[in-house]
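Asks: Structure for this input, please:
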Amino acid sequence: MIYQESPTVELKREVTDDLILEIIAFLNSYLGGTIYVGVDDNGDIKGISKDKIDLEESRIINWIRDEGILPNCSDYINLKYNEDNVLEINVSPGKNKPYYLKSKGLKPSGVYIRYSRNKSQATEEEIRRMIRESSKIEYESLISEEQELTFFELEMEFRRKLDFKKFKMVTSGFKTID
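Replies: Model (predicted):
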């Protein structure tokens, strides 16, 4: 296999504390991605020594399940070792964004996103966008501040652009028959 960084691929020589930030950035992305641990930035395979395999895997699982990332993201991450003795961390885009470092909280210093081949701290606006997108509130269900609603403005717009007499209010769904 040829290893090369891209917007959906990150290469790491070994497990470091920075790896948790890469996982968060992929969780907060629209595409997700794969992190290969045991590969240099230039694509040279280093692998993970057999005596470190369990330790490194346990460390990552602890980040995912208990210690490091909120909200729970275990359904979106899969770990496996490939034929090159490289740890593959497959990260799907999470559905409960934004994901963040438990120790930093839901603020820019704790939320990371993926831009091209790099991770970066999210801005407050990006955090608000992720919250809005994951809240699943449909536009149609929002309450209008203006409650005295009529079709007068719609009628005026149609009069400017259409022959309103030809417009069928009932068949278009704007009016019901009483």
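
Asks: What segments of this structure are helices?
Replies: Secondary structure of the chain (DSSP state H): helices located at 19-27, 53-62, 124-134, 152-161.

Asks: Let's see the third one as PDB, backbone CA atoms only.
Replies: Extracted as PDB, the C-alpha positions of helix 124-134 are listed here (Å, rounded to 0.1, in the frame of the first residue of the first chain):
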ATOM      1  CA  GLU A 124     -16.900  30.000  17.800                       C
ATOM      2  CA  GLU A 125     -19.000  30.500  14.700                       C
ATOM      3  CA  GLU A 126     -17.900  27.000  13.400                       C
ATOM      4  CA  ILE A 127     -18.900  25.500  16.800                       C
ATOM      5  CA  ARG A 128     -22.300  27.200  16.600                       C
ATOM      6  CA  ARG A 129     -22.800  25.900  13.000                       C
ATOM      7  CA  MET A 130     -22.100  22.400  14.100                       C
ATOM      8  CA  ILE A 131     -24.600  22.700  17.000                       C
ATOM      9  CA  ARG A 132     -27.200  24.000  14.600                       C
ATOM     10  CA  GLU A 133     -26.600  21.300  12.000                       C
ATOM     11  CA  SER A 134     -26.700  18.500  14.500                       C
END
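
Asks: Need the contact partners of it.
Replies: Outside of helix 124-134, the residues within contact range by Cβ atoms under 8 Å, 6 or more residues apart in numbering are 28, 95-98, 106-108, 111, 113, 122. The way it works is simple: take the backbone N, C-alpha and C, and place the C-beta from them, glycine included.

Asks: what about 10 Å?
Replies: Surrounding helix 124-134, the residues in contact under the criterion Cβ atoms under 10 Å, 6 or more residues apart in numbering are 28, 30, 71, 94-100, 106-108, 110-111, 113, 120-123.

Asks: now the residues you listed: which count as buried?
Replies: Buried members of the contacts of helix 124-134, scored by 16 or more other Cβ atoms under 10 Å, are 28, 94, 97-100, 106, 108, 110-111, 113, 121-122.
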